[in-house]
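In: Okay, structure incoming, though there's no sequence with it:
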C-alpha cells in the first residue's frame, strides 16, 4: 500500500488526535473540540514545517 | 424519616464503593491485559466504548504500518539504539508477536512508504502505552 505524504499525514493525525482527545478530556463535547484542535494542529504544523524545509538543500 | 434514611444510605454506600480505588494487583493485571490486547483494559473496567475506539485506533494503525512495508524491530544487542524502536514496537502487544510469527514487518527499505509504515508501527505501540496509563488512572479513580 502506498499512501501519499498528505494522506499518510491525515490518517496519522486522525488516529493520534482521537486517542489524545479520549485520554485527556472526559466530556464528549470537550473531546470533540480538543480532537479537532489537535488534528488541525497536526496539519498546520506539517504544512508550515514543510514550507520552511522547502528551500533547504536536503 | 427512617424510610428516607434507608433510601439514602444504599446510594451513598454505592457511591463510596465506586469512588474507592481498585486493588493495586487487580489494576496491574488489567494494565497487563491492556498491554497485550489494545483497549482490553478499558473494556474490563467498564469503559467499553472507549476501549473499542482505542483498540480500533491501535490495530488500524498497526495494520496500515504493516501494509506500508514498515519494519518491526527485534531486540538486537549489536545495534543498541534499536532497543528504543523495539520498546515502541512491543507496545502493540499480541499483534506484534503475531506479525513476527507470520514474518510480517520485515521492512522493505526500497518501498516508497517504508518510513511511514515504520513510524506508524512505532506510534501505535507508544499510543498503547498511553492508553494503558489512562486505564491505570481510571482504575485508581484518579480520573472519571
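Out: Received it, and whenever you're ready, just let me know what you need. Keep in mind that what you see is a predicted model, and the values were worked out from it rather than measured. Residues are numbered from 1 along each chain as shown, chains lettered A, B, ... in the order given.
In: which parts of chain A sit against chain B?
Out: For chain A, the contact set with chain B under C-beta under 8 Å from any C-beta of the partner chain comprises A:1-3, A:8, A:11-12, A:15-16, A:18-19, A:22-23, A:26. From N, CA and C alone the C-beta is placed, and that goes for glycine too.
In: Now the residue of chain A found nearest chain B. Nearest residue, chain neighbours left out?
Out: In chain A, the residue that lies nearest chain B is residue A:1 (4.0 Å; C-beta to the nearest C-beta). Nearest non-adjacent residue to residue A:1, counting by C-beta to C-beta, 6 or more residues apart in numbering or on different chains: residue B:67, 4.0 Å away.
In: Surely the one you found is in contact with residue A:8?
Out: No: applying C-beta atoms under 8 Å as the test, residue B:67 and residue A:8 come out as separate, 11.4 Å apart.
In: Looking at those two, which has the bigger crowd around it?
Out: More crowded of residue B:67 and residue A:8, by other C-beta atoms under 10 Å in any protein chain shown: residue A:8, with 19 against 15.
In: How confident was the prediction at residue B:21?
Out: On the pLDDT scale, residue B:21 is placed at 85.
In: Kindly indicate whether it is helix, strand or coil.
Out: coil (DSSP: H, G, I helix; E, B strand; the rest coil).
In: how near is whichever residue of chain B sits closest to chain A to residue B:19?
Out: Across chain B, no residue is closer to chain A than residue B:67, which sits at 4.0 Å (C-beta to the nearest C-beta). Residue B:67 sits 44 Å away from residue B:19, going by C-beta to C-beta, to the nearest Å.
In: which SSE is the one residue sitting closest to the centre of chain B in?
Out: The C-alpha lying nearest the average C-alpha coordinate of chain B belongs to residue B:128 (C-alpha atoms, centre = their mean; 3.4 Å). Following DSSP states H and E, one finds residue B:128 within helix B:114-139.
In: got the buried residues for that helix?
Out: B:114-125, B:127-132, B:134-136, B:138-139 (16 or more other C-beta atoms under 10 Å in any protein chain shown).
In: circling back: and for the residue of chain A closest to chain B, the neighbour number?
Out: Here the count is done by other C-beta under 10 Å, and residue A:1 has 13 residues near it.
In: that older thread, which of the buried residues of helix B:114-139 are close to chain A?
Out: Filtering the buried residues of helix B:114-139 for proximity to chain A (criterion: C-beta under 8 Å from any C-beta) leaves B:116, B:119-120, B:123-124, B:127, B:130-131, B:134.
In: Poorly predicted segments of chain A, please.
Out: Of all residues in chain A, none has pLDDT under 70.
In: picking up where we left off before, quick check, the residue nearest to the centre of chain B in contact with residue B:93.
Out: Yes: taking C-beta under 8 Å as the definition, residue B:128 is a contact partner of residue B:93 at 6.5 Å.
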